[in-house]
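[1] What shape does this take:
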Amino acid sequence: MTGEADPQDVGMNAAEDLPQLDATALVETAELEAQVKEMYRQVAEEEDAELHFETGRDLAERVGYPRDLLDGVPAEALDSFAGVGYHFDLAAIGEGDRVLDLGSGSGTDVFFAAQQVGDSGSVVGVDFTPEQIRKATRLRDAAGIGGVEFIAAPIDDLPFEDASFDVVVSNGVINLSPVKARVFSEAARVLRSGGRLALADIVSARPLKEKTRRNTELWAACIAGAIPRRNYADAIQQTGLEVGVIRENDYRFISERALDACSTYGVESISLVADKGE
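    Model (predicted):
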């Protein structure tokens, strides 16, 4: 026996030591933001680009969105749907609720939630990709959908007062943030007592190695920003929210590169709900 460490074990130990909830030491924030905006500009404008993930209504139906409510969403918004799971059953949105969608894209989840809150409720979508905000706003106005607002803002620095919302939702977005702890803290801050955070997102079974995590293209593809499920759930708990149901989603990436990462690190989609106590 040589006593030498297995290189794979060394790599795994090194990955374990990397920061998970604040990756600003690993990626250049401005470069990452530019990559994410470009990726989702292509999604908004429905360009024929090589994406690592599927988009569209068929995807929404496959991950669990009810067809009858999807019928009430503008078709152009659904064409740009890039969610990774279904979480609205966990959100339990009711008539009159105030709902916030983090990373609202072209508006599918906002328009979906608007049908559930009714005329007495309201839904706000927040996104930092200009093309997504413009498209969602145009579709809202064209369809005459009331009680809906789209705001350009980062999800880690929300422009709202404390306790402004009954429900916060998000789909496939928080993994894109290099400062996840700050995102969860902001979500908890704007929730009223008794409110809920319900989301679908990409996590991993094991920490990703440093080379992968420094790749901003893979961050924008919803791969390199994935952190272990335990770290993800613990970060939510640390904000004072109580994590309840966590379930795996039937979601698959489509590019070979993304599928390889899924196999290597156990990258997967989950949905979860967390409650803010009274």
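
[2] buried sites along the helix or strand harbouring L218?
    Counting by DSSP states H and E, the element that carries L218 is helix 216-220. Within helix 216-220, the residues that count as buried by 16 or more other Cβ atoms under 10 Å are 216, 218-220. Every residue, glycine included, has its C-beta placed from N, CA and C.

[3] Closest to A258 out of those?
    L218 (8.0 Å; Cβ to Cβ).

[4] so what's that closest one up against?
    Shown in contact with L218 (Cβ atoms under 8 Å, 6 or more residues apart in numbering): 212, 224, 257, 261.

[5] Weed out the non-buried ones from the residues you listed.
    Applying 16+ other Cβ under 10 Å to those flags 212, 224, 261 as buried.

[6] hang on, the earlier thing: next SSE after the helix holding L218?
    Past helix 216-220, the next helix or strand by DSSP H and E is helix 229-237.

[7] hang on, the earlier thing: which one of the buried residues of helix 216-220 sits closest to Q20?
    W219 (13.7 Å).

[8] For F112, give its distance to D68.
    11 Å (Cβ to Cβ, to the nearest Å).

[9] nope, V183 is what I was after
    32 Å.

[10] those strands in the stretch 1-150 of the chain, which residues are they?
    For the stretch 1-150 of the chain, applying DSSP state E, counting those that start in this stretch gives strands covering 98-102, 122-127, 148-152.

[11] List the neighbouring strands of the longest one plus their orientation.
    Partner strands and pairing direction for strand 122-127 (DSSP bridges) are strand 98-102 (parallel), strand 148-152 (parallel).

[12] just these: most buried one?
    strand 98-102 (a mean of 27; mean count of other Cβ atoms under 10 Å).

[13] Dump it to PDB, keeping only the CA atoms.
    Extracted C-alpha coordinates of strand 98-102, given in PDB (Å, rounded to 0.1, in the frame of the first residue of the first chain):
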ATOM      1  CA  ARG A  98     -51.000  38.600  -2.200                       C
ATOM      2  CA  VAL A  99     -48.400  36.500  -4.100                       C
ATOM      3  CA  LEU A 100     -44.800  37.200  -5.100                       C
ATOM      4  CA  ASP A 101     -43.000  35.200  -7.900                       C
ATOM      5  CA  LEU A 102     -39.200  35.300  -7.700                       C
END
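
[14] Not counting that strand itself, show me its contacts.
    91, 93, 109-110, 113, 117, 121-126, 155, 158, 160, 164-171, 173-174, 183, 187, 190, 199.

[15] Type out the PyMOL command that picks the buried ones from those residues.
    Buried subset of these, written as a PyMOL selection, criterion 16+ other Cβ under 10 Å:
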select buried, resi 91+93+109+110+113+117+121+122+123+124+125+126+155+158+160+164+165+166+167+168+169+170+171+173+174+183+187+190+199
